[in-house]
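**Q** Predicted model follows, preceded by the sequence.
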Amino acid sequence: MGRLRGTVFALAALLGLAGCAGTPMTDRLIGSPPSEMAQQAELADVPFFAQTEFHCGPAALAAALNDTGLHTTPDEIATAVYTPGRKGTLQTEILTGTRRHGRLALPVSGLKDAFDKIEQGYPVLVLQNLGLDIAPQWHYALLVGYDLKSEQVILRSGTTERKLLDMNTFEHTWRRAAYWGQVFAKPGGPVPKDTKMSDWLSAAVGMQRAGREAEAEIAFRTAANHWPERAAPPISLAYLQIRNDKLEDARLTLEDALRKEPDHPVALNNLAHVLLQQGKLDEAEKTAIKAVEAGGHSADTAKETLAEIRAELARNPR
Amino acid sequence: MLMNKIKSKTIAYTAVGAISLASVPVVPVHAALVDNDRLVGAEQTLSDRDTVNAFMERSDVRSQFEALGVDPEEAKERVAALSDDEISQLAERINSDPAGQGAVGAIVGAALIIFIVLLVTDLLGFTNVFDFTNKGAANPS
(Lines give C-alpha, C1' and ligand atoms only; values in the text may rest on other atoms or scores of the structure.)
Protein backbone atom coordinates (compact mmCIF):
# COMPACT_ATOMS: atom_id res chain seq x y z
CA MET A 1 0.00 0.00 0.00
CA GLY A 2 2.83 2.36 0.96
CA ARG A 3 4.67 1.51 -2.23
CA LEU A 4 1.62 2.24 -4.37
CA ARG A 5 1.17 5.60 -2.63
CA GLY A 6 4.84 6.38 -3.21
CA THR A 7 4.48 5.57 -6.88
CA VAL A 8 1.38 7.74 -7.21
CA PHE A 9 3.13 10.68 -5.54
CA ALA A 10 6.17 10.21 -7.77
CA LEU A 11 3.94 10.13 -10.82
CA ALA A 12 2.05 13.22 -9.72
CA ALA A 13 5.34 15.03 -9.14
CA LEU A 14 6.55 13.96 -12.56
CA LEU A 15 3.38 15.13 -14.25
CA GLY A 16 3.57 18.39 -12.39
CA LEU A 17 7.19 18.81 -13.38
CA ALA A 18 6.35 18.10 -17.00
CA GLY A 19 4.20 21.20 -17.13
CA CYS A 20 5.58 23.35 -14.34
CA ALA A 21 7.89 25.31 -16.59
CA GLY A 22 4.72 26.75 -18.05
CA THR A 23 4.60 28.43 -21.42
CA PRO A 24 5.91 31.97 -20.89
CA MET A 25 6.46 32.70 -24.59
CA THR A 26 2.91 31.70 -25.55
CA ASP A 27 1.46 33.53 -22.56
CA ARG A 28 3.31 36.71 -23.51
CA LEU A 29 2.22 36.56 -27.15
CA ILE A 30 -1.42 35.84 -26.33
CA GLY A 31 -1.59 38.12 -23.31
CA SER A 32 0.09 41.14 -24.87
CA PRO A 33 0.28 40.60 -28.62
CA PRO A 34 2.94 42.85 -30.23
CA SER A 35 1.16 45.57 -32.14
CA GLU A 36 3.26 45.16 -35.27
CA MET A 37 2.64 41.41 -35.49
CA ALA A 38 -0.18 39.96 -37.63
CA GLN A 39 -2.76 37.94 -35.73
CA GLN A 40 -2.20 34.99 -37.98
CA ALA A 41 -0.01 33.95 -40.89
CA GLU A 42 0.40 30.79 -42.90
CA LEU A 43 2.83 29.87 -45.68
CA ALA A 44 0.52 27.66 -47.72
CA ASP A 45 3.01 27.22 -50.59
CA VAL A 46 5.75 25.55 -48.57
CA PRO A 47 6.27 22.07 -50.06
CA PHE A 48 5.56 18.90 -48.12
CA PHE A 49 7.31 15.54 -48.07
CA ALA A 50 5.74 12.83 -45.96
CA GLN A 51 8.47 11.33 -43.83
CA THR A 52 9.49 7.70 -44.02
CA GLU A 53 10.57 5.77 -40.92
CA PHE A 54 13.09 7.76 -38.83
CA HIS A 55 13.56 10.23 -41.69
CA CYS A 56 11.80 13.33 -40.40
CA GLY A 57 15.09 15.25 -40.74
CA PRO A 58 15.52 14.65 -44.48
CA ALA A 59 11.80 15.26 -45.07
CA ALA A 60 11.79 18.60 -43.24
CA LEU A 61 15.10 19.81 -44.67
CA ALA A 62 14.19 18.80 -48.23
CA ALA A 63 10.96 20.77 -47.97
CA ALA A 64 12.75 23.82 -46.51
CA LEU A 65 15.44 23.76 -49.22
CA ASN A 66 12.88 23.32 -52.00
CA ASP A 67 11.15 26.36 -50.59
CA THR A 68 14.35 28.34 -51.35
CA GLY A 69 14.30 27.22 -54.97
CA LEU A 70 16.47 24.09 -54.83
CA HIS A 71 15.15 20.91 -56.38
CA THR A 72 15.89 18.03 -54.04
CA THR A 73 14.22 15.06 -52.35
CA PRO A 74 14.32 13.52 -48.88
CA ASP A 75 16.25 10.52 -50.24
CA GLU A 76 18.93 12.75 -51.72
CA ILE A 77 19.17 14.78 -48.52
CA ALA A 78 19.22 11.63 -46.38
CA THR A 79 22.61 10.52 -47.73
CA ALA A 80 24.03 13.79 -46.41
CA VAL A 81 22.26 14.08 -43.06
CA TYR A 82 20.90 10.75 -41.85
CA THR A 83 23.08 8.70 -39.46
CA PRO A 84 21.98 5.04 -39.55
CA GLY A 85 23.60 4.11 -36.23
CA ARG A 86 21.61 6.83 -34.47
CA LYS A 87 18.40 6.04 -36.41
CA GLY A 88 17.98 9.75 -36.97
CA THR A 89 19.49 13.10 -37.94
CA LEU A 90 21.80 15.11 -35.71
CA GLN A 91 21.35 18.87 -35.50
CA THR A 92 24.88 19.49 -36.78
CA GLU A 93 24.01 17.45 -39.85
CA ILE A 94 21.00 19.63 -40.62
CA LEU A 95 23.53 22.49 -40.68
CA THR A 96 26.20 20.69 -42.75
CA GLY A 97 23.55 19.41 -45.15
CA THR A 98 22.39 22.99 -45.66
CA ARG A 99 25.95 24.25 -46.22
CA ARG A 100 26.74 21.51 -48.72
CA HIS A 101 23.65 22.49 -50.71
CA GLY A 102 24.72 26.13 -50.92
CA ARG A 103 22.22 27.65 -48.51
CA LEU A 104 22.53 29.58 -45.25
CA ALA A 105 20.89 28.24 -42.08
CA LEU A 106 20.15 31.09 -39.65
CA PRO A 107 19.06 30.43 -36.05
CA VAL A 108 15.81 31.78 -34.60
CA SER A 109 15.56 32.91 -30.98
CA GLY A 110 12.18 32.03 -29.54
CA LEU A 111 8.53 31.96 -30.45
CA LYS A 112 8.09 35.63 -31.36
CA ASP A 113 11.15 35.51 -33.62
CA ALA A 114 9.82 32.33 -35.26
CA PHE A 115 6.45 33.96 -35.96
CA ASP A 116 8.17 37.12 -37.27
CA LYS A 117 10.11 34.96 -39.72
CA ILE A 118 6.93 33.23 -40.86
CA GLU A 119 5.32 36.61 -41.41
CA GLN A 120 8.32 37.52 -43.58
CA GLY A 121 7.84 34.34 -45.62
CA TYR A 122 10.39 31.96 -44.04
CA PRO A 123 9.26 28.57 -42.69
CA VAL A 124 11.13 27.49 -39.56
CA LEU A 125 12.70 24.04 -39.27
CA VAL A 126 12.34 23.10 -35.60
CA LEU A 127 13.60 20.31 -33.40
CA GLN A 128 11.02 19.08 -30.93
CA ASN A 129 11.13 16.69 -28.00
CA LEU A 130 7.63 15.29 -28.33
CA GLY A 131 8.12 13.27 -25.13
CA LEU A 132 9.60 14.10 -21.75
CA ASP A 133 13.14 14.95 -20.70
CA ILE A 134 13.37 11.47 -19.14
CA ALA A 135 11.80 9.74 -22.14
CA PRO A 136 12.59 11.91 -25.15
CA GLN A 137 11.13 11.55 -28.61
CA TRP A 138 13.14 13.77 -30.93
CA HIS A 139 11.47 15.01 -34.08
CA TYR A 140 12.04 17.62 -36.79
CA ALA A 141 9.10 19.51 -38.26
CA LEU A 142 8.54 22.62 -40.34
CA LEU A 143 6.66 25.47 -38.69
CA VAL A 144 4.65 27.16 -41.45
CA GLY A 145 1.96 29.13 -39.64
CA TYR A 146 0.49 30.46 -36.44
CA ASP A 147 -2.82 31.83 -35.19
CA LEU A 148 -2.84 34.02 -32.08
CA LYS A 149 -6.64 33.98 -31.94
CA SER A 150 -7.11 30.20 -31.88
CA GLU A 151 -3.78 29.85 -30.03
CA GLN A 152 -2.46 27.27 -32.45
CA VAL A 153 0.52 26.67 -34.71
CA ILE A 154 0.60 24.95 -38.10
CA LEU A 155 3.30 22.41 -38.92
CA ARG A 156 4.38 20.17 -41.76
CA SER A 157 5.05 17.18 -39.54
CA GLY A 158 5.57 13.48 -40.08
CA THR A 159 2.94 12.30 -42.52
CA THR A 160 0.59 15.23 -41.89
CA GLU A 161 0.79 18.07 -44.38
CA ARG A 162 -1.12 20.52 -42.21
CA LYS A 163 -0.89 19.63 -38.55
CA LEU A 164 -2.60 22.01 -36.12
CA LEU A 165 -1.14 21.99 -32.64
CA ASP A 166 -2.00 23.97 -29.51
CA MET A 167 0.56 26.75 -29.18
CA ASN A 168 1.42 25.94 -25.57
CA THR A 169 1.92 22.24 -26.36
CA PHE A 170 4.23 23.28 -29.17
CA GLU A 171 6.13 25.51 -26.76
CA HIS A 172 6.58 22.62 -24.29
CA THR A 173 8.00 20.33 -26.99
CA TRP A 174 10.18 23.11 -28.37
CA ARG A 175 11.47 24.21 -24.96
CA ARG A 176 12.74 20.67 -24.30
CA ALA A 177 14.75 20.99 -27.49
CA ALA A 178 16.24 24.29 -26.24
CA TYR A 179 14.14 26.20 -28.79
CA TRP A 180 16.34 25.02 -31.67
CA GLY A 181 15.06 26.38 -34.97
CA GLN A 182 16.51 27.50 -38.33
CA VAL A 183 15.37 29.53 -41.31
CA PHE A 184 17.02 29.24 -44.71
CA ALA A 185 18.34 31.93 -47.01
CA LYS A 186 19.88 32.09 -50.45
CA PRO A 187 23.46 33.39 -50.80
CA GLY A 188 22.25 36.31 -52.93
CA GLY A 189 19.74 37.26 -50.29
CA PRO A 190 17.41 38.66 -49.23
CA VAL A 191 18.73 38.80 -45.68
CA PRO A 192 15.83 38.09 -43.25
CA LYS A 193 14.98 41.05 -41.04
CA ASP A 194 16.79 41.07 -37.65
CA THR A 195 19.53 38.70 -38.83
CA LYS A 196 22.80 39.14 -36.94
CA MET A 197 25.83 39.74 -39.13
CA SER A 198 27.80 37.12 -37.17
CA ASP A 199 25.12 34.49 -37.93
CA TRP A 200 25.08 35.34 -41.65
CA LEU A 201 28.87 35.26 -41.92
CA SER A 202 29.17 32.01 -39.93
CA ALA A 203 26.73 30.36 -42.29
CA ALA A 204 28.58 31.79 -45.29
CA VAL A 205 31.94 30.52 -44.03
CA GLY A 206 30.22 27.19 -43.43
CA MET A 207 29.46 27.02 -47.15
CA GLN A 208 33.09 27.87 -47.93
CA ARG A 209 34.22 25.07 -45.64
CA ALA A 210 31.79 22.68 -47.32
CA GLY A 211 33.34 23.36 -50.72
CA ARG A 212 30.68 25.78 -51.99
CA GLU A 213 33.09 28.67 -52.50
CA ALA A 214 31.13 30.39 -55.26
CA GLU A 215 28.07 30.58 -53.02
CA ALA A 216 30.19 31.74 -50.09
CA GLU A 217 31.57 34.59 -52.19
CA ILE A 218 28.05 35.66 -53.17
CA ALA A 219 27.00 35.54 -49.52
CA PHE A 220 29.98 37.70 -48.47
CA ARG A 221 28.99 40.28 -51.10
CA THR A 222 25.39 40.18 -49.88
CA ALA A 223 26.68 40.86 -46.36
CA ALA A 224 28.84 43.77 -47.61
CA ASN A 225 25.73 45.36 -49.15
CA HIS A 226 23.54 44.67 -46.14
CA TRP A 227 26.02 45.84 -43.47
CA PRO A 228 27.92 48.53 -45.42
CA GLU A 229 29.57 50.00 -42.32
CA ARG A 230 31.19 46.71 -41.23
CA ALA A 231 34.65 45.42 -42.16
CA ALA A 232 34.10 41.67 -41.67
CA PRO A 233 32.25 41.07 -44.98
CA PRO A 234 34.99 42.55 -47.21
CA ILE A 235 37.65 40.85 -45.05
CA SER A 236 35.97 37.48 -45.70
CA LEU A 237 35.76 38.25 -49.40
CA ALA A 238 39.43 39.25 -49.53
CA TYR A 239 40.44 35.94 -47.96
CA LEU A 240 38.88 34.09 -50.87
CA GLN A 241 40.60 36.44 -53.31
CA ILE A 242 43.98 35.77 -51.65
CA ARG A 243 43.35 32.02 -51.84
CA ASN A 244 42.63 32.40 -55.55
CA ASP A 245 45.78 34.50 -56.09
CA LYS A 246 43.86 37.65 -56.95
CA LEU A 247 46.23 39.79 -54.90
CA GLU A 248 45.41 43.21 -56.33
CA ASP A 249 41.67 42.56 -55.89
CA ALA A 250 42.36 41.49 -52.31
CA ARG A 251 44.40 44.64 -51.64
CA LEU A 252 41.58 46.88 -52.85
CA THR A 253 38.98 44.92 -50.88
CA LEU A 254 41.02 45.11 -47.67
CA GLU A 255 41.61 48.84 -48.10
CA ASP A 256 37.85 49.17 -48.46
CA ALA A 257 37.46 47.21 -45.20
CA LEU A 258 39.85 49.62 -43.45
CA ARG A 259 37.85 52.62 -44.64
CA LYS A 260 34.89 51.10 -42.77
CA GLU A 261 36.80 50.09 -39.60
CA PRO A 262 40.28 51.70 -39.68
CA ASP A 263 41.83 49.70 -36.83
CA HIS A 264 40.48 46.25 -37.62
CA PRO A 265 43.34 43.90 -36.64
CA VAL A 266 42.49 41.19 -39.16
CA ALA A 267 42.15 43.63 -42.06
CA LEU A 268 45.53 45.14 -41.16
CA ASN A 269 47.26 41.77 -40.80
CA ASN A 270 45.88 40.33 -44.01
CA LEU A 271 46.62 43.53 -45.94
CA ALA A 272 50.21 43.44 -44.68
CA HIS A 273 50.39 39.86 -45.93
CA VAL A 274 49.09 40.85 -49.37
CA LEU A 275 51.53 43.75 -49.64
CA LEU A 276 54.35 41.36 -48.74
CA GLN A 277 53.26 38.98 -51.50
CA GLN A 278 53.20 41.92 -53.92
CA GLY A 279 56.75 42.93 -52.98
CA LYS A 280 55.66 46.28 -51.52
CA LEU A 281 57.86 45.76 -48.49
CA ASP A 282 57.89 49.25 -46.93
CA GLU A 283 54.12 49.57 -47.09
CA ALA A 284 53.83 46.00 -45.79
CA GLU A 285 56.01 46.79 -42.80
CA LYS A 286 54.04 49.93 -41.92
CA THR A 287 50.76 48.01 -42.13
CA ALA A 288 52.07 45.07 -40.10
CA ILE A 289 53.25 47.43 -37.34
CA LYS A 290 49.73 48.87 -37.20
CA ALA A 291 48.36 45.32 -37.06
CA VAL A 292 50.52 44.46 -34.07
CA GLU A 293 49.50 47.70 -32.34
CA ALA A 294 45.84 46.93 -33.01
CA GLY A 295 46.16 43.82 -30.81
CA GLY A 296 43.11 41.58 -30.60
CA HIS A 297 42.88 37.82 -30.89
CA SER A 298 45.13 37.67 -33.92
CA ALA A 299 47.98 39.60 -32.28
CA ASP A 300 50.33 36.61 -32.43
CA THR A 301 49.69 36.21 -36.14
CA ALA A 302 50.39 39.92 -36.69
CA LYS A 303 53.77 39.51 -34.99
CA GLU A 304 54.50 36.56 -37.29
CA THR A 305 53.56 38.66 -40.31
CA LEU A 306 55.82 41.50 -39.17
CA ALA A 307 58.70 39.07 -38.64
CA GLU A 308 58.21 37.61 -42.13
CA ILE A 309 58.25 41.10 -43.66
CA ARG A 310 61.36 42.15 -41.75
CA ALA A 311 63.12 38.93 -42.79
CA GLU A 312 62.26 39.73 -46.40
CA LEU A 313 63.52 43.30 -45.98
CA ALA A 314 66.78 41.99 -44.58
CA ARG A 315 67.17 39.78 -47.65
CA ASN A 316 66.54 42.78 -49.93
CA PRO A 317 68.50 45.72 -48.56
CA ARG A 318 67.58 49.02 -50.23
CA MET B 1 67.22 -8.09 -62.48
CA LEU B 2 68.92 -5.93 -59.87
CA MET B 3 67.84 -2.73 -61.66
CA ASN B 4 64.25 -3.93 -61.69
CA LYS B 5 64.42 -4.67 -57.97
CA ILE B 6 65.82 -1.20 -57.22
CA LYS B 7 63.20 0.41 -59.47
CA SER B 8 60.26 -1.33 -57.84
CA LYS B 9 61.59 -0.58 -54.35
CA THR B 10 61.93 3.08 -55.27
CA ILE B 11 58.40 3.15 -56.57
CA ALA B 12 57.17 1.41 -53.43
CA TYR B 13 58.93 3.82 -51.10
CA THR B 14 57.74 6.80 -53.09
CA ALA B 15 54.19 5.52 -52.91
CA VAL B 16 54.41 4.98 -49.16
CA GLY B 17 55.96 8.41 -48.78
CA ALA B 18 53.18 10.01 -50.81
CA ILE B 19 50.48 8.29 -48.80
CA SER B 20 52.12 9.34 -45.49
CA LEU B 21 52.33 12.93 -46.68
CA ALA B 22 48.72 12.85 -47.72
CA SER B 23 47.60 11.92 -44.23
CA VAL B 24 49.66 14.55 -42.43
CA PRO B 25 47.95 17.90 -41.93
CA VAL B 26 49.14 20.22 -44.67
CA VAL B 27 50.88 23.26 -43.17
CA PRO B 28 48.95 26.22 -44.55
CA VAL B 29 50.91 28.00 -47.27
CA HIS B 30 49.98 31.40 -45.85
CA ALA B 31 50.91 30.82 -42.23
CA ALA B 32 50.49 34.44 -41.22
CA LEU B 33 47.05 34.96 -42.73
CA VAL B 34 43.96 35.08 -40.54
CA ASP B 35 41.49 32.76 -42.26
CA ASN B 36 37.71 33.11 -42.33
CA ASP B 37 37.16 30.35 -39.79
CA ARG B 38 39.13 32.38 -37.26
CA LEU B 39 37.45 35.60 -38.31
CA VAL B 40 33.95 34.30 -37.55
CA GLY B 41 34.73 31.56 -35.05
CA ALA B 42 34.82 31.62 -31.27
CA GLU B 43 37.21 34.30 -30.13
CA GLN B 44 40.21 32.25 -29.09
CA THR B 45 43.91 32.65 -29.61
CA LEU B 46 44.87 29.52 -31.49
CA SER B 47 48.08 27.70 -30.76
CA ASP B 48 49.87 25.06 -32.80
CA ARG B 49 48.65 22.48 -30.31
CA ASP B 50 45.08 23.51 -31.05
CA THR B 51 45.69 22.91 -34.74
CA VAL B 52 47.01 19.40 -34.11
CA ASN B 53 44.18 18.65 -31.67
CA ALA B 54 41.62 19.86 -34.18
CA PHE B 55 43.10 17.59 -36.83
CA MET B 56 42.97 14.56 -34.54
CA GLU B 57 39.43 15.34 -33.47
CA ARG B 58 38.36 15.52 -37.11
CA SER B 59 39.89 12.10 -37.70
CA ASP B 60 38.11 10.82 -34.60
CA VAL B 61 34.71 12.16 -35.61
CA ARG B 62 35.15 10.75 -39.10
CA SER B 63 35.76 7.29 -37.63
CA GLN B 64 32.76 7.68 -35.38
CA PHE B 65 30.51 8.50 -38.32
CA GLU B 66 31.81 5.45 -40.15
CA ALA B 67 31.15 3.32 -37.07
CA LEU B 68 27.58 4.66 -37.13
CA GLY B 69 27.05 3.38 -40.64
CA VAL B 70 27.90 6.45 -42.70
CA ASP B 71 29.68 5.78 -45.98
CA PRO B 72 33.42 6.71 -45.66
CA GLU B 73 33.44 9.25 -48.51
CA GLU B 74 30.27 10.77 -47.10
CA ALA B 75 31.77 10.88 -43.59
CA LYS B 76 34.76 12.77 -44.99
CA GLU B 77 32.51 15.41 -46.56
CA ARG B 78 30.38 15.81 -43.45
CA VAL B 79 33.45 16.37 -41.28
CA ALA B 80 34.94 18.85 -43.75
CA ALA B 81 31.85 21.02 -43.45
CA LEU B 82 32.08 21.29 -39.65
CA SER B 83 33.92 24.05 -37.80
CA ASP B 84 36.58 23.22 -35.18
CA ASP B 85 34.13 24.07 -32.40
CA GLU B 86 31.44 21.84 -33.88
CA ILE B 87 33.96 19.03 -34.24
CA SER B 88 35.01 19.36 -30.59
CA GLN B 89 31.44 19.10 -29.41
CA LEU B 90 30.52 16.28 -31.72
CA ALA B 91 33.61 14.26 -30.74
CA GLU B 92 32.19 14.02 -27.24
CA ARG B 93 28.47 13.80 -27.94
CA ILE B 94 27.88 12.09 -31.27
CA ASN B 95 26.26 9.16 -29.49
CA SER B 96 24.18 11.17 -27.03
CA ASP B 97 23.11 14.30 -28.95
CA PRO B 98 19.46 14.40 -30.03
CA ALA B 99 18.84 12.62 -33.33
CA GLY B 100 15.47 13.60 -34.70
CA GLN B 101 13.65 10.58 -36.01
CA GLY B 102 9.93 11.12 -35.99
CA ALA B 103 6.71 11.08 -34.11
CA VAL B 104 6.58 7.39 -33.34
CA GLY B 105 9.44 5.34 -32.00
CA ALA B 106 10.41 5.59 -28.37
CA ILE B 107 7.00 4.51 -27.18
CA VAL B 108 7.35 1.23 -29.05
CA GLY B 109 8.95 -1.09 -26.51
CA ALA B 110 8.84 1.51 -23.76
CA ALA B 111 8.01 0.37 -20.25
CA LEU B 112 4.30 0.34 -19.47
CA ILE B 113 4.74 3.01 -16.81
CA ILE B 114 6.38 5.39 -19.31
CA PHE B 115 3.61 4.68 -21.81
CA ILE B 116 0.96 5.59 -19.26
CA VAL B 117 2.80 8.72 -18.13
CA LEU B 118 3.16 9.88 -21.74
CA LEU B 119 -0.51 9.23 -22.38
CA VAL B 120 -1.44 11.45 -19.45
CA THR B 121 1.06 14.20 -20.32
CA ASP B 122 -0.23 14.11 -23.90
CA LEU B 123 -3.80 14.61 -22.68
CA LEU B 124 -2.61 17.46 -20.47
CA GLY B 125 -0.90 19.07 -23.45
CA PHE B 126 2.66 18.87 -22.16
CA THR B 127 3.81 16.31 -24.72
CA ASN B 128 2.73 15.29 -28.22
CA VAL B 129 3.71 11.69 -28.71
CA PHE B 130 0.38 10.20 -29.73
CA ASP B 131 -1.70 11.40 -32.66
CA PHE B 132 -5.10 10.63 -31.21
CA THR B 133 -4.59 12.85 -28.16
CA ASN B 134 -4.08 15.92 -30.32
CA LYS B 135 -6.45 18.64 -29.20
CA GLY B 136 -5.79 20.58 -32.38
CA ALA B 137 -7.42 18.83 -35.30
CA ALA B 138 -5.17 17.64 -38.11
CA ASN B 139 -6.80 18.62 -41.36
CA PRO B 140 -7.26 15.56 -43.56
CA SER B 141 -4.77 16.01 -46.38
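**A** Ah, there it is. Numbers count the residues shown, from 1 in each chain, chains lettered A, B, ... in the order given.
**Q** pLDDT averaged over stretch A:235-245 - what is it?
**A** Averaging pLDDT along stretch A:235-245 gives 97.
**Q** Which positions within that stretch qualify as buried?
**A** The neighbour-count check on stretch A:235-245 (16 or more other C-beta atoms under 10 Å in any protein chain shown) flags A:235-243 as buried. All C-beta atoms are positioned from the backbone trio N, CA, C, and that covers glycine.
**Q** now, which of those lie within helices?
**A** Residues of the buried residues of stretch A:235-245 located in helices (DSSP state H): A:235-243.
**Q** Go back to those and keep what's next to chain B.
**A** Restricting these to those adjacent to chain B (criterion: C-beta under 8 Å from any C-beta of the partner chain) gives A:235-236, A:239-240, A:242.
**Q** my guess is residue A:233 contacts residue A:220, does it?
**A** Yes. When contacts are counted by C-beta atoms under 8 Å, residue A:233 is listed as touching residue A:220 (5.4 Å).
**Q** shared neighbours of the two, anything?
**A** Both residue A:233 and residue A:220 are contacted by residue A:201, under the criterion C-beta atoms under 8 Å, 6 or more residues apart in numbering or on different chains.
**Q** circling back to that earlier point, wait, which of the ones in helices among the buried residues of stretch A:235-245 is closest to residue A:118?
**A** residue A:236 (29.5 Å; C-beta to C-beta).
**Q** Can you give me every residue that contacts the closest one?
**A** Contacts for residue A:236 (C-beta under 8 Å, 6+ apart) come out as A:201, A:204-205, A:216, A:220, A:223, B:36, B:39-40.
**Q** Recalculate using a threshold of 7 Å.
**A** A:201, A:204-205, A:220, B:36, B:39 (C-beta atoms under 7 Å, 6 or more residues apart in numbering or on different chains).
**Q** could you redo those residues as TSV and give each row neighbour count and distance to residue A:297?
**A** Formatted as TSV, the contacts of residue A:236 follow (neighbours: other C-beta atoms under 10 Å in any protein chain shown; distance: C-beta to C-beta, whole Å):
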residue	neighbour count	distance to residue A:297
A:201	24	16
A:204	29	20
A:205	24	16
A:220	27	20
B:36	25	14
B:39	20	10
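**Q** Take those and write them to TSV, including secondary structure and pLDDT.
**A** Compiled in TSV, these are given as follows (DSSP: H, G, I helix; E, B strand; the rest coil; pLDDT from 0 to 100):
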residue	secondary structure	pLDDT
A:201	helix	98
A:204	helix	98
A:205	helix	97
A:220	helix	98
B:36	helix	95
B:39	helix	93
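**Q** Pull up the residues of the stretch 151-300 of chain A that are close to chain B.
**A** A:152, A:157-158, A:160-166, A:168-169, A:172-173, A:177, A:198, A:201-202, A:205-206, A:208-210, A:232, A:235-236, A:239, A:242, A:266, A:269-270, A:273, A:297-298, A:300 (C-beta under 7 Å from any C-beta of the partner chain).
**Q** can you redo the buried residues of stretch A:235-245 as CSV with distance to residue A:44?
**A** Below are those laid out as CSV (distance: C-beta to C-beta, whole Å):
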residue, distance to residue A:44
A:235, 41
A:236, 37
A:237, 38
A:238, 43
A:239, 41
A:240, 39
A:241, 43
A:242, 46
A:243, 43
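**Q** mind checking how far the residue lying closest to residue A:77 once chain neighbours are set aside is from residue A:41?
**A** Nearest residue to residue A:77, sequence neighbours excluded (C-beta to C-beta, 6 or more residues apart in numbering or on different chains): residue A:58, at 4.3 Å. As judged by C-beta to C-beta, to the nearest Å, residue A:58 and residue A:41 stand 26 Å apart.
**Q** Tell me the one of the contacts of residue A:236 nearest residue A:258?
**A** Checking the contacts of residue A:236 against residue A:258 with C-beta to C-beta, the nearest one is residue B:39 at 14.7 Å.
**Q** can you pull the contacts of the closest one?
**A** Counted by C-beta under 7 Å, 6+ apart, residue B:39 has contacts A:232, A:235-236, A:266.
**Q** how about the longest strand along chain A: buried residues?
**A** With secondary structure taken from DSSP state E, chain A has its longest strand at strand A:138-147. Residues of strand A:138-147 classed as buried by neighbour count (16+ other C-beta under 10 Å): A:138-147.
**Q** can you check stretch A:10-19 too?
**A** Residues A:15, A:18 are the ones in stretch A:10-19 that count as buried (16+ other C-beta under 10 Å).
**Q** cool, stretch B:117-137 as well?
**A** Across stretch B:117-137, burial judged by 16+ other C-beta under 10 Å covers B:117-122, B:125-130, B:133-134, B:136.
**Q** Checking the most centrally placed residue in chain A next. Helix, strand or coil?
**A** Taking C-alpha atoms, centre = their mean, the centroid of chain A lies closest to residue A:106, which sits 2.9 Å from it. Here residue A:106 takes the strand state, with states given by DSSP: H, G, I helix; E, B strand; the rest coil.
**Q** What segments of chain B are strands?
**A** B:99-100.
**Q** How about the stretch 51-200 of chain A?
**A** A:82-83, A:88-90, A:104-107, A:124-129, A:138-147, A:152-157, A:160-166, A:181-185 (DSSP state E, counting those that start in this stretch).
**Q** With mean pLDDT added, can I get those strands in CSV?
**A** Converted to CSV, the strands of the stretch 51-200 of chain A look like this (pLDDT from 0 to 100):
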stretch, mean pLDDT
strand A:82-83, 97
strand A:88-90, 97
strand A:104-107, 98
strand A:124-129, 98
strand A:138-147, 98
strand A:152-157, 97
strand A:160-166, 96
strand A:181-185, 98
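**Q** out of these, which comes closest to residue A:253?
**A** Using C-beta to C-beta, the nearest of the strands of the stretch 51-200 of chain A to residue A:253 is strand A:104-107, at 20.9 Å.
**Q** partners of the closest one, with directions?
**A** strand A:181-185 (antiparallel) (DSSP bridges).
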